[in-house]
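Enquirer: here you go, sequence then predicted model.
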Amino acid sequence: MPTQEQLHDPPGEAAVTQLAKDPASRRRFLTMVGGTGAAGALSLFIAACGGDDDSGSNSTSTGPTASKAGAAGDLKIANYALTLEYLEAEFYKQVIAAGVIKDKEIAAIAQKFGESEQAHVDALKALITKSGGTPVAAPKTNFQAVLDGGPDKVLQTAADVENLGAAAYLGQAGNITSPEVLAAALSIHSVEGRHAAALNTLLGKSVTPDGAFAKPAPMDMVLAAVKPFIAS
């Protein structure tokens, strides 16, 4: 599993910075993620990640060495995301198999969310392989304490994990140098946010717990939060 030390900020120019500066790159990116309907989400990503700030450290290194380092950093970020998706997909799989959720409508939601997380796993593995990397192996998991806690514990954990997943993608967006990797992160981030909103609603909580703008989560915080679910 990637560690905080392994996932340093790549020295190449961040993709959000490139997109903020170059209208042509922005148009190509929006086509990649689904057309101009993604423009609003992209602008929020740029703002949240500071992509329009030329004084950032990512905007000072260029050339072949920086490009190689940026590509390596992107692969580490993609494997970090893949690890989180493995955990989410396995969580829903175990919840369904254990039959903890008796409400048929909620069980159907869990089934659908699990299918989405598995699709994220498959997409990230394909992206990493296409980019010349090796996908990390799925970690061994330990969700027994959650399953033993019953439906309420399961729903609360699902909401916590989905909110964390959305924040994790946002936390790494400013470090990504490849528009293709950023497009994948953006498309998955929005789904994680929708999952979180649905689960927050089921729990009677706010669909926007951070207010009008989502807050990014740093990697060390995310890894610490999911550590209890990884078997030693």
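Expert: Sure, I can see it.

Enquirer: wait, isn't I77 in contact with I176?
Expert: Yes: with contact defined as Cβ atoms under 8 Å, I77 and I176 form a contacting pair (6.1 Å). In this view, the C-beta of every residue, glycine as well, is placed from N, C-alpha and C.

Enquirer: common neighbours of the two, please.
Expert: A185 (Cβ atoms under 8 Å, 6 or more residues apart in numbering).

Enquirer: if I look at the most centrally placed residue in the chain, how far off is V154?
Expert: For the chain, the residue nearest the mean C-alpha position is Y169 (3.4 Å; Cα atoms, centre = their mean). Going from Y169 to V154 by Cβ to Cβ, to the nearest Å gives 23 Å.

Enquirer: and what of V207?
Expert: Distance from V207 to V154, by Cβ to Cβ: 19 Å.

Enquirer: between the two, who's got more neighbours?
Expert: V154 (23 against 12; other Cβ atoms under 10 Å).

Enquirer: for that one, give its distance to G211.
Expert: For V154, the distance to G211 - Cβ to Cβ - is 27 Å.

Enquirer: shaky segments in the chain?
Expert: Counting by pLDDT under 70, the chain shows low-confidence ranges at 1-13, 15-66.

Enquirer: 80 instead?
Expert: Residues of the chain meeting the criterion pLDDT under 80: 1-69, 232.

Enquirer: ranges for the helices of it?
Expert: Assigned by DSSP state H, the chain shows helices spanning 15-21, 23-33, 39-49, 64-98, 104-130, 144-148, 150-173, 179-202, 219-226.

Enquirer: out of these, which comes closest to A138?
Expert: Nearest to A138 among these is helix 64-98 (4.3 Å), distances taken as Cβ to Cβ.

Enquirer: now do that closest one against helix 179-202, angle only.
Expert: 30 degrees (axes from the mean of the first three to the mean of the last three Cα atoms, to 10 degrees).
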